[in-house]
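Engineer: Task: produce atomic coordinates for the following.
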Amino acid sequence: MISYFSRFPFVRILLFWMVGILLSGFTYWPFLGFLGFLLSGRVFKSVGISCLLVFFAMAWTDYTKPVLPALPSDGFVFRVEGLVEAKPKTWSVLARSIALRDSSSNWSSSAGLFRLYLAKQLPKPSAGDVYVVRQAVKPFPKPLFPFEKDWGDYFAQKGIGGSAFVSFDRIRLIQKGTVESTFFQKAQSHFVRLLERAFEPGRDRDVAEAMLLGVKTKIDFETLSTYSALGAIHILSVSGLHVGLLYLGLSFLLGFLLKLRPVGPYVFFGLMMALLWCYAGISGFSLPVLRSAWMFSVILFAKTFLKRQESLNTLAFSAFILLIIQPESLFQAGFQLSYLAVWGLIVFQQRWAKLLTFRGWFKWPLTQIWELTCVALAAQVFTWPLIVYYFHQLPHPLSFFLLNPFLILFSSIALFLGFLLLVIGTFLPDWAFQPLGYLLNTSFKLLHGLMFSWVERVTSVMPFLQISLLEIAVYFLAIAVLVLAPRGWKSCALLGLLFWQTPESKPQAYLSTYKGEAVWAENVGEIALASLPAVAEPAWIQSHLSPMWANEGVKDTLTRRWPEKGNLHWKYRKQTYAYVREPTESKGQQHLILGSELKFRDAHWLKSWSGATWYFLKKPSPYWLGVLKPYLPEEYYFLEERPAVRL
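Structural biologist: Numbers count the residues shown, from 1 in each chain. Modelled structure (predicted):
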């Protein structure tokens, strides 16, 4: 029976609020018909409350959905908002539109958010700067390949309508921002200088700034890949681990105030809240840190003022409030992984820690290692299916069981020393600051030495993993049965998990373009072949092709680079493909890929290709399309304007 008048009420409230968010967009008025159940009886009231929650969640989610702005087609004026990120070749800014210019050169007021990438020749923008731009803004590109992340949908949830690269000659500063740095920005800059004083330039300092202060624009791709491969990417961004460690440290230092009644608990709560939220501000008020700060604020209140608390109920209350403020958070991987990890810790960590006890000289270190292993395992119970679903990889079991406890230990030591340096470093004379800085530097060298030496010698990740939403639902249902159901049902659930089979994938190939050159991706069973331009970077492959390979069951990949010049030919499913960069007559090929370097002044050679399907890597101008019109076949594609063509 569903009851809101017994244990864990907020777990039930959260459940139906999430159902309402998932159903948003559909007609929600029928749920009002169930409100008659509120009249009498405990069961009827529970049904009525459930329907009322679903109704309000659906209506509230629809109301809070951002309305995307009209995209500028010729020019606009914008004001820089928030922090400016330094990319390798551009300044990434969040631009709030003030006015738009249409094709008739008429200006009108407008409002909207865009993500702009300004050329690095421009002096670094600041929050509040106002610019005029002669530039169109385009929608975010659709995913090229199946299962690729839809960035347009991601930014639409944030109310950001489109993006554009703005060259140096198309932008002009018309008003310097008068927005002064906030207290948190000044504090972050001060703490960055402390870390610069403690570290030499390089990877350790870049990672320290990211871990402690949320400044993560300097980290190189190799470091990101190593952390990702070891399942430790969460260490790099300020999130639950960092706020949790800060919470534990502050609780230890200020815990004596709880005994000084009646005023002590209020002082303890006030100081803890102030310090937690100050740290959230210094690290940039990012979504992960806001989520974690709010979660620990709720836990802090329960610990301080409630005689009896249920951890799951407290966790559900914090999630419920966040989903009222931002319903779209339910669809964000960070929100899901954060709460599922804490849920796993609450449910399983203490149970498993009690399974093994140690005696003798090595009791303390073995106990600590086992408890850290239990922490890692408990956090993974509910999160690993989503990690596979979103990122298509998991740490190798050898890395997870042998390396992860030490990663947690070393990263915790590094964070502890880092927090200590930030708190007292300002007041230390140089003779005392240097030893503390040396210890902090050494802790990061040990952490990275272990990580990079392990990655070089041991297979650290299982790539190209796949899992469907149905399989995730089956897994969570089986876990619920294993925890809650009688013994006979537990055996059935365990057998179901062991013998679940996924359907085999069918061979398929995709044709697309990258920087004016062809991209050919072919999947045959567990083997994938990708023919790529020489300029295709590992990050591009990882974001565009890896999700497809993972979901198609690929286990091994072979990549090759196109030669710089010359025409190419190959066969696929008894069809012949020609990648033509220099004019040539057809030899019976059914598919013609037209290189971006081709000139169409003498287009007579294309007449022999009239029976083929054409794929333009670069769309010709309207004039040249008119020239080509007599030769165009019935079926042709402009690859730069559409997702990859499935063949």
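Engineer: Break down the stretch 501-647 of the chain into its helices, ranges please.
Structural biologist: Per DSSP state H, counting those that start in this stretch, the stretch 501-647 of the chain carries helices over the ranges 538-544, 546-551, 622-628.
Engineer: Would you reformat the ones you listed as a markdown table and include mean pLDDT and distance to Tyr266?
Structural biologist: Quick note: C-beta positions are derived from backbone N, CA and C, even for glycine. As requested, those are arranged in a markdown table below (pLDDT from 0 to 100; distance: least, CB to CB, whole Å):
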| stretch | mean pLDDT | distance to Tyr266 |
| --- | --- | --- |
| helix 538-544 | 81 | 49 |
| helix 546-551 | 80 | 50 |
| helix 622-628 | 86 | 72 |
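Engineer: okay, these, which one's buried deepest?
Structural biologist: helix 546-551 (a mean of 22; mean count of other CB atoms under 10 Å).
Engineer: For the stretch 51-200 of the chain, which segments count as helices?
Structural biologist: 151-156, 183-198.
Engineer: Kindly reformat those helices as CSV containing mean pLDDT, mean neighbour count and distance to Asp169.
Structural biologist: What follows is the helices of the stretch 51-200 of the chain, written out as CSV (pLDDT from 0 to 100; neighbours: other CB atoms under 10 Å; distance: least, CB to CB, whole Å):
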stretch, mean pLDDT, mean neighbour count, distance to Asp169
helix 151-156, 82, 16, 27
helix 183-198, 82, 16, 31
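Engineer: Using JSON lines, please lay out those helices together with distance to Leu421.
Structural biologist: Below are the helices of the stretch 51-200 of the chain laid out as JSON lines (distance: least, CB to CB, whole Å):
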{"stretch": "helix 151-156", "distance to Leu421": "35"}
{"stretch": "helix 183-198", "distance to Leu421": "6"}
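Engineer: out of the ones you listed, which comes closest to Val263?
Structural biologist: helix 183-198 (27.4 Å; CB to CB).
Engineer: list the helices and strands that closest one packs on?
Structural biologist: helix 203-213, helix 264-282, helix 404-424, helix 430-457 (3 or more CB pairs under 8 Å, 6 or more residues apart in numbering; DSSP states H and E).
Engineer: Pull out the buried positions in the last one.
Structural biologist: Neighbour counts over helix 430-457 (16 or more other CB atoms under 10 Å) mark 433, 436-437, 440-441, 443-444, 447-448, 451, 454-455 as buried.
Engineer: again with the second one
Structural biologist: By 16+ other CB under 10 Å, the buried positions in helix 264-282 come out as 265, 268-269, 272-273, 275-277, 279-282.
Engineer: of all the helices of the stretch 51-200 of the chain, which lies closest to Pro463?
Structural biologist: Closest among the helices of the stretch 51-200 of the chain, using CB to CB: helix 151-156, at 22.1 Å.
Engineer: List of residues touching that closest one?
Structural biologist: For helix 151-156, the external contacting residues (CB atoms under 8 Å, 6 or more residues apart in numbering) are 66, 68, 115, 139-142, 161, 163.
Engineer: again, only using 10 Å
Structural biologist: Defining contact as CB atoms under 10 Å, 6 or more residues apart in numbering, one finds that helix 151-156 is touched by 65-68, 113-115, 139-143, 150, 160-163, 328, 331-332, 543.
Engineer: Out of the residues you listed, name the ones that lie in strands.
Structural biologist: 113-115, 160-163 (DSSP state E).
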